[in-house]
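*Asks:* Turn this into a model:
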Amino acid sequence: MKHLKRKKNPESYSERAYRRLVSTTGLVSTKVCVEETDLHILAGSDVVVQATDLILQYRAQLQKYIVKNPHFCASLDPLSTDNIVPPLIRDMLKAGEAAGVGPMAAVAGTIAEYVGNGLVEAGHGEVMVENGGDIFLLREHDCTVAVFAGDSPLSCKVGLRIRSAQMPIGICTSSGTVGHSLSLGAADSVTVLSRSTPLADAVATRLGNEVGRRAETGIADALAVAGEIPGVIGVVVVCGERMGAYGDVELVGVNLQEEPFNDR
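*Replies:* Numbers count the residues shown, from 1 in each chain. I've put the predicted structure just below:
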């Protein structure tokens, strides 16, 4: 498990409902599901076959490793990096170690990045792979990504401008109030930017835990921790009516009538 997300309003925030708000921006939108892995992909053409093959390949690597090393799945603490493992496993171990969390905290971001890179290698020049709110993004133009923060009044009113020069980039979000994964904090959203999507995913979990139950001090605590983790480009934390940011982030207003993922 990665972080516990408690749904406050299941009717408002149904499973994957935010995907209906994503603009295709000239790309083909594809949904690919293999067991628990549920991806929304934007690419130049339909990628169901290619993406399914990639998901099966990487899930098999992960499942095989977990069978031999069950602590990999169960640990909430970092595990030592093992270089004699598939690159996917190594990236999860490194991300967990850097963020101070268990390796499974990086699983969604890792799958998103590996599938995204696989599609790029197959000839797709522009790709977005979203896995449970964790995004691998490679576009030729600047983009704006809205911050979804559950019941917070700031949800989908604030966006991040992502410059083309920053891509490929990982954009990962953890929440203690939305969804079903494991979180020890109460932030409505913690969004992390990094060149490494596995790292962004793991750090989002760590910072979500840091926020704790007091927004006025928890946001500052989380941002202070973010500044100590190499590889983090930027962070945005939303907790109720409060928001804090760290690093190279460009915040922009998002109109509620706009789609939260648009070319600019």
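*Asks:* Name the spans of the stretch 101-250 of the chain whose pLDDT lies under the cut-off.
*Replies:* Low-confidence segments of the stretch 101-250 of the chain, defined by pLDDT under 70: 176-186, 212-216.
*Asks:* Now do the helices in it.
*Replies:* Under the criterion DSSP state H, counting those that start in this stretch, the stretch 101-250 of the chain contains helices at 107-121, 197-211, 215-226.
*Asks:* How about the last one, which residues are buried there?
*Replies:* What that stands for is helix 215-226. Residues of helix 215-226 classed as buried: 215, 218-219, 221-223, 225-226 (neighbour count, 16 or more other C-beta atoms under 10 Å). C-beta: built from backbone N, CA, C; applies to glycine.
*Asks:* likewise stretch 67-86?
*Replies:* Residues of stretch 67-86 classed as buried by neighbour count (16+ other C-beta under 10 Å): 69, 72-73, 75-76, 78, 81, 85-86.
*Asks:* Now do the strands for the stretch 151-264 of the chain: every range, in order, please.
*Replies:* Listed in chain order, the strands of the stretch 151-264 of the chain (DSSP state E, counting those that start in this stretch) span residues 158-162, 169-174, 189-194, 232-239, 242-247, 251-253, 261-263.
*Asks:* Let me know which of those is the nearest to residue 132.
*Replies:* Taking C-beta to C-beta as the measure, the strands of the stretch 151-264 of the chain were each checked against residue 132, and strand 169-174 came out nearest at 9.1 Å.
*Asks:* Show me what the closest one is packed against.
*Replies:* The elements that strand 169-174 packs onto, with contact taken as 3 or more C-beta pairs under 8 Å, 6 or more residues apart in numbering; DSSP states H and E, are helix 107-121, strand 134-138, strand 158-162, strand 189-194, helix 197-211.
*Asks:* gap between residue 229 and residue 106?
*Replies:* Taking C-beta to C-beta, to the nearest Å as the measure, residue 229 and residue 106 are separated by 13 Å.
*Asks:* any common contacting residues for those two?
*Replies:* Counting by C-beta atoms under 8 Å, 6 or more residues apart in numbering, the shared contacts of residue 229 and residue 106 are 99, 199.
*Asks:* of the two, who's got more company?
*Replies:* Shown here are residue 229 and residue 106; by other C-beta atoms under 10 Å, residue 106 has more neighbours (34 against 18).
*Asks:* The more buried one contacts residue 204, doesn't it?
*Replies:* No. Here residue 106 lies out of contact with residue 204, judged by C-beta atoms under 8 Å, at a distance of 9.5 Å.
*Asks:* Reformat the buried residues of helix 215-226 as JSON lines; add distance to residue 121.
*Replies:* Formatted as JSON lines, the entries for those read as follows, by distance: C-beta to C-beta, whole Å:
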{"residue": "215", "distance to residue 121": "42"}
{"residue": "218", "distance to residue 121": "40"}
{"residue": "219", "distance to residue 121": "39"}
{"residue": "221", "distance to residue 121": "40"}
{"residue": "222", "distance to residue 121": "35"}
{"residue": "223", "distance to residue 121": "36"}
{"residue": "225", "distance to residue 121": "34"}
{"residue": "226", "distance to residue 121": "31"}
